[in-house]
Each structure stands twice: as C-alpha cells, then as structure tokens.
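>>> sharing a sequence plus its predicted fold:
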Amino acid sequence: MHDEPDAGRTGEPSADGPAALAPWADDQTRQHLQVLVEGVATLAGFEQSAVLLRRDGVFQVVAAASVADGFIGSTTPTWAIERELARSDDWGAWRFVPHGRVGDEVLDYSHIPDITPLEGEDAWHPLDWLFAPLHDDQGELRGVLGVDSPRDGRLPGPEKLEVLTRYAGVARTLILLALEREDLHERVRMATEARAIVRQALTEPTLDLVLEACRATLVSCFDAIGMWLTAFDEHGSGTSTTFYSRDSDIAPPFSEIDDVVVGLAHRYWADQYVAPFSSANRDQPGLPPEDAERLVQFLDRIGLGSVLFVPLGVGPACLGFLVLTRAPDARPWTDLERDAALDIGRDLGLAVANARQLELERAVIDRLRRLDSYRVEVVNTLGHELRNPLFSMSANLELLDMASLDPDARRSVEAATRGAVRMRAVIEDMLTMAQVSDPRREFDPVAVDLRRVVHDVIDECRAGADAGSVTVEADLPEAPAMVAGQPDELHRLLTNLMTNAIKYTDPGGRVVVRIAGDGADVVTTVTDTGIGISASDQEQLFREFFRSTNPAALTRPGTGLGLAIVARIVNRHGGTVGLDSERGRGTTATVTLPAYTGVLAEDVVSAD
C-alpha cells in the first residue's frame, strides 16, 4: 500500500518529517472507521485498505485492514500526499496513480506489497496506488481512503468502482465526524486544564508562586518540555523572568533576546496574536529577518526546536509574555493550542496583575507599619520625657503653702494644678494609645470574666459619678461572661466608656452597663442619658484627638483619645465597637467580643 510508512518504521519520524502523533483519542469513531476499511476491502475485493486523517500537518493511519502490527498510528507528510494527488488520474471520487508515475520521494513513506503482476493492460502493479481524497465542505483535504492488492490482480472495473465510490462517501462522512469529535475532545481537554491552571494561579500572591502553582500543569497541558514567563514592571519596560524546565534547572540567558521579544509582546497583546515560532516558521508579524535569525540561533544554542510565544495582559496593558517550548523533533503547534494559549495569556495576565497589586499593597503596608512603629517610638519617648518635668512641677505645686497665699496667687496655683492634671491625663492616654497601637507588641490572651471587670470599673468610677450626681447601674448575667483577652486592656476599654458616659451625662442622669451572651460572642453595652452625639460627629468619633463639635461637650475636659483607645483595644481582641446616639437623647456604646471557647476555670483573671 503506497504513501504509508513501512511497518518496520511505524511511528518513527523521517530525517525531515514530524514526530509520531499521540494515539487517536476517540475509540468509538476509530471502531466505526475500522468497520469501514474492513467492509471496503471485503466488498470491493481488495486485500488491504486504510484510512488516514490529516492531523497537525501530517496524515496519520487511524484504521487499516489486513496490515502488519504497528501500522496503525504511522504518519505520512502532507506534502507527499498532495504531490501524488497532483500526479493522479481522476476516477470520479477516486484517484489513480499508475506505477510509472509514482515519485521516488514517496517511497520513503511506503512499503511494496509482495505480489507478482499479472499479464495484460488491466493488471495491478505493486506500485500502483488507488485512493479517495476526502475533502470538507470548504474544500480542504482532511483525509484519504486507500486500497491495495486487488484479489483478482486487476484494476477495478465499473462495478467495483461503483462500490468504491459509495464507500468513499461514507468514509468522508465518518472522517469529518471523527475530526469534529477530536476537535471537540481537544477543546474540552484544553479548557479543563486551562481552568485548573487559572484556579491555581489566581490565588497566589507573588509571581514566583503564580508560576510554581501552574507550571507543571501548563507544560503538560501543551505537551511542552519547558516554559519561561517574563513580567514587566509598572513602567512596562523592566522585566522579571521565571523559568521552568522538565530537564534542567539552569536558566538560559533570556536577557540576550529581551530587546526583541519585549517589543513583540506589546505588539502581539494589542493584536491578540500568539506566535508559533521555529526555524521553519520564522516569518512572524513585526519580526525583521535579522531578529528572526537571532532567535533561531538562540533556540538552537539552548536545544529547542520551537516555541509558542504568548503575550500576557489585562485590558489594554501588556504585562509580560509566556513562552512554551518544544524539542526539535516535536510536533508543530496546533490552532487549538494557539487559541487556548491566548485565553491562558489573558488569565495569567490577570494573575500577574493581582500578584503585582498585592506586592504593592504589601510594600505600602510595610511602610505604614514602619511609620507606625516610628510614631509609637516618638510618642513613647515624648511621653516619658514629659513625665519627669511634669512630676517635678506637680510636686512643687503640692508643696506650696496655699494658706499663706493671697487670693490671686491661690487662683494661679489652682489653675496650674488643673493644667498639670490635664497634662498628665494627655500623657497617660498618649502612652496607652502608643502601647495598644504597637504592631510589635504581643497579644497573649487569657480567659477573662467581663462581669468581674465591670464590677471593678464601677467601683473605680463610683466617686466621679457621685460627684456629678449620676446614677450608675449594672445589669449582668448570673453565669460568667467569658472572653479571651488581656485583663488590663479590657479594664481600660470599659473604664474609658464608663468615664465618658458619666462625664457627658448631666446631674440626675443614669448610666447602665449590660452584658449579654449570644453563643459565639459576648456583647457589652454602656448606655447613658447624656447630651448625645450628632450624626456627623459619630463618623469621626474613634479618630485620634477628635473632639465633638457640640458646645456642651467642649466645656467638659477630655484628651480626644479615649474612644480611639477603645477602638484599638477592641480591634486587638478581634471584636467590634459601635455607637447609637442622638443629640439630647443619650448614647449607647456596644462592644462585641468573641466568647472564650475553652473550659479553663483556672484561667479566669480578675482585673485587680
């Protein structure tokens, strides 16, 4: 049978031919084609028959009757089939190439049946070739049905040719169906593997992790031996390259060709074009011949036969490129692979953009953390430096003999004393704020019963409440209200809320502290009947050094740090804080903290 490789050469490439293809994927269609070739051989009176399908630039035997083992799967170059087609006689649906016209070059892909020709003009010669070219609706040659070795040793007459013509029509239908099913199968496979690649890549925070997550799947999906991915910096010029190969850990000197491929990446992203580049396919858009020669030499030097060059990007921005590599004897890149690679280029572009954004955010967070640490150090230093002279000033004021002073001097000393008290409050709040804001300060929680903290805070605030004629009440559960936290910080949190509520409540008013549990959380509320807070003030109330715009509130002393400290402590404890208030109708502050889930009674710590 002509134009098919010898059985001893099945699956092996010729010196300049392509490597053998992967086995046919569709078992059901292959079985239908096998029935077809066996039927045409039997009913048309031939010893041998075969069907070849065009796949990736070659014709592959997918079904055959009465041939040697290993013959199915062998390949013939497309150019050899087309050359014989041009030399053939037109027999309707079939073409006949008499032995005297068979080209010498086709013998490399043929084997000669071991038969002795009969006498006569209609005798079949071992080098004769009878085949039906099978075209699709667009006129493209997609397959070949061939027969060989007629049982009677004669060329087919009208009767046999009619049978052969009917089988050629059936073969065309089956071949187009087979190719359509293979195309669908390949698209589903590529789409499935591409989704897996994207799922892995999009969740990774750095470019290296993006590549590590998807590189093995990516290389396997495209039947490649390696890849490299180059990402551009935010200016679109500088590059960062990561490399992966199945066979080597030594990265080639990619920077040697950056001046060529970086420009191509921007052009190809704009054109949404994927370039299958090799020595035989060097004519690519925007690639001058001298640059193409440089790339060919580079691939030869690092032992690669071809690459698939894929631009990466998001929207109009090109963010880099992906290069998939194949060995010199590997099959060409298919249109399906190019389409899938372009989709992956878009998705990996999104992954690169995400990784870049996360890196920028981490850099900003790191800078803010350093600034926060510096601010904490400055506040700590300033607070401790102010404490000493303030202590000295306060001590000297206390030593003054107030009885010996005239009224004006006494008023001056009292004003200075009040100023020193306010200054001490500001310094203490600043130091507390720095302490709870310090990112380096460890948080080592223990089990704390908030009921006991509330009792301690109320005892401490009782004198101030009595002085302002404010009633303080507690509505607490009988069972422990356990949270995980640091007792001193929780004590400061509730003290700030209580003193604020008492300070901004007029004489005769009331402050109530309630604790309730709802399973996963412990909710503490501090409700007062005070002057209330406007809606605009509530939006900024937890900001450092903010003071209310309410004139009634401004007359009462404060540092503007109390609620900011509350917010920082709540945040350190994984909780939330909120306010419900209205001018003239009082305020309710609500703190929600995660309930303690352990059962360690000995961990219960009071705030004293």
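Structure's in. What do you need? Residues are numbered from 1 along each chain as shown.

>>> from the contact counts, what lies against the biggest helix by length in the chain?
Criterion DSSP state H: the longest helix present in the chain is helix 335-399. Applying 3 or more Cβ pairs under 8 Å, 6 or more residues apart in numbering; DSSP states H and E, we find helix 335-399 packed against helix 158-202, helix 207-221, strand 226-232, strand 306-314, strand 317-326, helix 407-437. Just so you know, the C-beta spots here come from the backbone N, C-alpha and C atoms, and that holds for glycine as well.

>>> any idea of the mean pLDDT for stretch 503-516?
On average, the pLDDT along stretch 503-516 is 90.

>>> next, the buried residues of it.
Within stretch 503-516, the residues scored as buried using 16 or more other Cβ atoms under 10 Å are 503-505, 509-515.

>>> which residues sit against that stretch?
The contact list for stretch 503-516 (Cβ atoms under 8 Å, 6 or more residues apart in numbering) reads 450-451, 454, 457-458, 464-465, 468-477, 481, 494, 498, 501-502, 522-531, 553, 556, 558, 586-587.

>>> ditto for stretch 457-475
454-455, 491, 494-495, 498-499, 502-503, 505, 507-515, 607.

>>> which of those residues fall in strands?
Taking DSSP state E as the definition of strands, the contacts of stretch 457-475 contribute 510-515.

>>> picking that back up, select only the buried ones of the contacts of stretch 503-516 in ChimeraX?
Buried residues within the contacts of stretch 503-516, by 16+ other Cβ under 10 Å, are selected in ChimeraX with:
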select :450,451,454,457,458,465,470,472,476,481,494,498,501,502,522,523,524,525,526,527,528,529,530,531,553,558,586,587
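
>>> mind checking which of the contacts of stretch 503-516 land in helices?
Residues of the contacts of stretch 503-516 located in helices (DSSP H): 450-451, 454, 457-458, 464-465, 494, 498, 501-502, 553.

>>> which one of these is nearest V58?
Closest approach to V58 among these (Cβ to Cβ): L450, at 78.1 Å.

>>> list just the nearest of the ones in strands among the contacts of stretch 457-475 to R267.
When the ones in strands among the contacts of stretch 457-475 are compared for distance to R267 (Cβ to Cβ), I515 comes out closest, at 67.1 Å.

>>> find the nearest non-adjacent residue to the closest one, please.
A481 (4.7 Å; Cβ to Cβ, 6 or more residues apart in numbering).

>>> likewise for G519?
Per Cβ to Cβ, 6+ apart, closest to G519 is A595, 7.1 Å.

>>> next, give phi and psi for that neighbour.
Torsion angles at A595 (phi, psi; degrees, to the nearest 10) stand at phi -70, psi 150.

>>> now it: how far from T525?
16 Å (Cβ to Cβ, to the nearest Å).

>>> F232 now?
54 Å.

>>> T217 now?
Using Cβ to Cβ, we find T217 at a distance of 53 Å from T525.

>>> and D580, how many neighbours?
Around D580 there are 14 other residues, counting by other Cβ atoms under 10 Å.

>>> pretty sure it is in a helix, no?
No: under the criterion used here (DSSP: H, G, I helix; E, B strand; the rest coil), D580 is strand, not part of a helix.

>>> show me what contacts it?
D580 neighbours (Cβ under 8 Å, 6+ apart): 587-588, 590.

>>> mind redoing it with 6 Å?
Applying Cβ atoms under 6 Å, 6 or more residues apart in numbering to D580 gives the contacts T588.

>>> C-alpha coordinates for stretch 273-281, CSV please?
This file holds the C-alpha atoms of stretch 273-281, laid out as CSV (Å, rounded to 0.1, in the frame of the first residue of the first chain):
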residue,chain,number,x,y,z
TYR,A,273,-1.8,37.2,18.5
VAL,A,274,0.1,34.1,19.5
ALA,A,275,3.2,33.3,17.6
PRO,A,276,4.3,29.6,16.9
PHE,A,277,8.0,30.3,16.1
SER,A,278,10.6,27.9,14.8
SER,A,279,13.3,27.7,12.2
ALA,A,280,10.7,26.6,9.6
ASN,A,281,8.2,29.2,10.8
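
>>> contacts for it next, please.
Here stretch 273-281 has contacts from 284, 296, 306-310, 333, 338, 341-342, using Cβ under 6 Å, 6+ apart.

>>> just the buried residues from those residues, in PyMOL please.
Filtering those down to the buried ones (16+ other Cβ under 10 Å) takes a single PyMOL command:
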select buried, resi 284+306+307+308+309+310+333+341+342
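
>>> okay if I get the contacts of stretch 273-281 as TSV plus pLDDT and distance to L43?
As requested, the contacts of stretch 273-281 are exported to TSV (pLDDT from 0 to 100; distance: Cβ to Cβ, whole Å):
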residue	pLDDT	distance to L43
Q284	95	50
V296	94	52
S306	94	44
V307	95	49
L308	95	45
F309	96	51
V310	94	50
W333	89	41
R338	89	42
A341	88	45
L342	90	47
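
>>> so what sits opposite L593 in the bridge?
V522 (DSSP bridges).

>>> so it makes contact with V483?
Yes: counting by Cβ atoms under 6 Å, L593 does reach V483; the two are 4.5 Å apart.

>>> quick one: secondary structure of F59?
Using three-state DSSP, the secondary structure recorded for F59 is strand.

>>> number of nearby residues for the nearest residue to it once chain neighbours are set aside?
Distances taken as Cβ to Cβ, 6+ apart put L52 closest to F59, at 4.1 Å, once the chain neighbours are dropped. L52: 26 surrounding residues under other Cβ under 10 Å.

>>> spit out the contact partners of L52.
59, 61, 144.

>>> state the distance from the closest residue in space to H135 that isn't next to it in sequence to H32.
Computed as Cβ to Cβ, 6+ apart, the closest residue to H135 that is not its neighbour in sequence is L141, at 5.6 Å. Distance, L141 to H32, using Cβ to Cβ: 21 Å.

>>> for the chain, what helix or strand is lowest in average pLDDT?
helix 551-554 (a mean of 51; mean pLDDT, DSSP states H and E).

>>> how close does the residue in the chain sticking out farthest from the centre sit to A395?
In terms of distance from the mean C-alpha position of the chain, S404 ranks first, at 79.4 Å (Cα atoms, centre = their mean). Note on S404: its distance to A395, by Cβ to Cβ, is 18 Å.

>>> what do you get for D488?
27 Å.

>>> check what pLDDT V170 gets.
pLDDT at V170 comes out at 86.

>>> Three-state assignment for the residue lying closest to it once chain neighbours are set aside, please.
Residue nearest to V170 in three dimensions, not counting chain neighbours: L36, with 6.2 Å by Cβ to Cβ, 6+ apart. Under three-state DSSP, the three-state class of L36 is helix.

>>> and for the one 4 residues further on?
Taking three-state DSSP as the rule, one finds V40 in the helix state.

>>> you'd agree it is up against G169?
No: using Cβ under 6 Å, V40 is not in contact with G169, being 11.5 Å away.

>>> and those two? Which one has more around it.
Comparing V40 with G169 by other Cβ under 10 Å, the one with more neighbours is V40, at 26 against 12.

>>> which ones are touching the more buried one?
V40 neighbours (Cβ under 6 Å, 6+ apart): 49, 167.

>>> pLDDT wise, what is the nearest residue to T165 once chain neighbours are set aside at?
Take T165 and drop its neighbours on the chain: the residue closest to it by Cβ to Cβ, 6+ apart is A93, 4.6 Å away. Looking at A93, its pLDDT is 92.
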